[in-house]
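Asker: here's my sequence, what's the structure:
(one chain, ligands or ions: 2)
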Amino acid sequence: MNRFSYMRAGDVAGAVREISGNSAAQFIAGGTNLIDLMKENVTRPARLIDITRLPLSHIEETGNGGLRLGALVTNAETAYHPQIEERYPLLSRAILSGASAQLRNMATNGGNLLQRTRCYYFYDGATPCNKREPGTGCSAIEGFNRIHAVLGASDQCIAVHPSDMCVALAALDSVVHVTGNNGSRAIPFADFHRLPGDTPEVDTNLGRDEIITSIELPAKGFAEHYAYLKVRDRKSYAFALVSVAAALEMSGRTIAEARLALGGVAHKPWRDTQAEAVLNGKAATTENFQIVAEGVMRDAKGFTHNAFKIELAKRAIVRALKHAAQMGTRQ
Ligand SMILES: Cc1cc2nc3c(=O)[nH]c(=O)nc-3n(C[C@H](O)[C@H](O)[C@H](O)COP(=O)(O)OP(=O)(O)OC[C@H]3O[C@@H](n4cnc5c(N)ncnc54)[C@H](O)[C@@H]3O)c2cc1C
Ligand code: SF4
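Answerer: Numbers count the residues shown, from 1 in each chain. Ligands and ions are numbered 1, 2, ... in the order given. The predicted structure follows:
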């Protein structure tokens with residue numbers, strides 16, 4: 001591990017000042033991803049800015065009926081918060097399907113959004129990786145790519161975003177609040193993470209000087225009809241091969257509104273609003289769910305070891321939608 005200096009920020013303005021003043025500085029929150037990256041020499045910050053004492057660890061009502069999740073609230077506190085369990089159970093389920101109890105106790109909401117890919121080559125300094133070292137090539141495209149992307153990949157990078165929490169946040173149309181040198185701004189969740197394109201080293205649209213302060217959940221939580229389905233190699237403590245967050249607003253057996261987001265298939269939580277809208281006003285039937293699954297995966301492209309994800313994702317979409325639709329009914 002490289003030598004680095006350490007300081008603890010006392011307020012948000014101070015944290016922004018510190019990060020702006022040193023291009024080799026990085027924030028540290030729970031440290032569950034950053035410390036691993038430092039130990040593997042993937043990231044070499046010269047200065048760590050500890051943000052854990054900032055006043056960003058509350059969950060509170062917003063003026064418009066939603067909830068604001070502080071960036072430093074832990075994943076465990078978020079998942080077990082009574083308001084989240086009652087009004088946003090999809091988010092609770094997604095968080096609890098990830099990592100382990102110990103990790104969720106340390107991991108923060110802001111850190112979860114900014115965790116980096118689990119591509120094996122990204123962590124292996126002996127292999128070329130455009131995300132770790134731009135311009136060196138991508139070892140996964142011709143290598144072992146079982147866990148990689150089937151949607152939205154580029155010829156520079158085929159990595160996937162590993163978060164479960166983010167898949168639910170995408171389906172719920174959340175908003176990320178950030179503060180930087182130019183003040184505060186709100187980023188719609190769909191615009192927060194990026195596809196790899198020609199700059200796979202850039203994961204998000206967060207500015208270099210910006211800190212995540214909170215994540216806002218809109219009033220609509222889809223608590224009556226939802227499902228988070230995570231398909232993985234082990235029952236626990238494993239990242240998703242494919243995951244699906246499904247949320248439905250039902251009027252009898254008719255779907256008034258459908259939301260669908262996928263994890264494990266792309267460089268960002270995958271949302272296809274055009275494809276999901278096909279369900280609006282339709283009956284909750286297997287046939288309609290299959291039509292949507294085909295629509296969402298229409299441009300999917302597999303590589304040597306991961307083509308199975310395309311059919312897996314289609315089946316997971318249908319299963320998650322069925323589960324969401326059937327909640328509260330006797331079938
Ligand atoms: C063994 C293991 C298994 C895991 N399994 C899963 C899983 O199944 N599903 C899943 O979703 N996740 C999983 N995780 C990932 C875990 O959820 C993340 O590591 C965690 O959420 C990161 O949060 P943190 O607070 O520890 O972030 P840190 O490690 O402290 O930081 C991560 C990054 O975010 C930046 N950062 C943190 N907070 C802010 C902020 N407020 N503003 C700006 N930048 C910030 C840091 O600078 C750093 O770049 C797993 C992790 C491990 C180690
Ligand atoms: S998929 Fe992306 S992260 Fe993985 S080796 Fe290729 S460039 Fe690196």
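
Asker: with just CA atoms, put the host helix or strand of I255 into PDB.
Answerer: Using DSSP states H and E, the element containing I255 is strand 254-263. Extracted C-alpha coordinates of strand 254-263, given in PDB (Å, rounded to 0.1, in the frame of the first residue of the first chain):
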ATOM      1  CA  THR A 254     -54.500  -4.300 -15.100                       C
ATOM      2  CA  ILE A 255     -51.100  -2.600 -14.800                       C
ATOM      3  CA  ALA A 256     -51.500   1.200 -14.400                       C
ATOM      4  CA  GLU A 257     -47.700   1.800 -14.300                       C
ATOM      5  CA  ALA A 258     -44.700  -0.500 -14.600                       C
ATOM      6  CA  ARG A 259     -41.100   0.100 -13.600                       C
ATOM      7  CA  LEU A 260     -38.200  -2.300 -14.400                       C
ATOM      8  CA  ALA A 261     -34.500  -2.000 -13.700                       C
ATOM      9  CA  LEU A 262     -31.800  -4.500 -14.200                       C
ATOM     10  CA  GLY A 263     -28.500  -5.100 -12.500                       C
END
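
Asker: which helices and strands does that strand pack with?
Answerer: When contacts are defined as 3 or more CB pairs under 8 Å, 6 or more residues apart in numbering; DSSP states H and E, strand 254-263 packs onto helix 165-171, strand 242-251, strand 270-271, helix 273-277, helix 286-296, helix 308-326. In this view, the C-beta of every residue, glycine as well, is placed from N, C-alpha and C.

Asker: out of these, deepest packed?
Answerer: Highest mean neighbour count of these: helix 165-171, a mean of 28 (counted as mean count of other CB atoms under 10 Å).

Asker: contacting residues around the helix or strand following that helix?
Answerer: For helix 165-171, the succeeding helix or strand toward the C-terminus, using DSSP H and E, is strand 175-180. With contact meaning CB atoms under 8 Å, 6 or more residues apart in numbering, strand 175-180 is reached by 12, 16, 20, 68, 113, 184-189, 192, 206-207, 209-216, 218.
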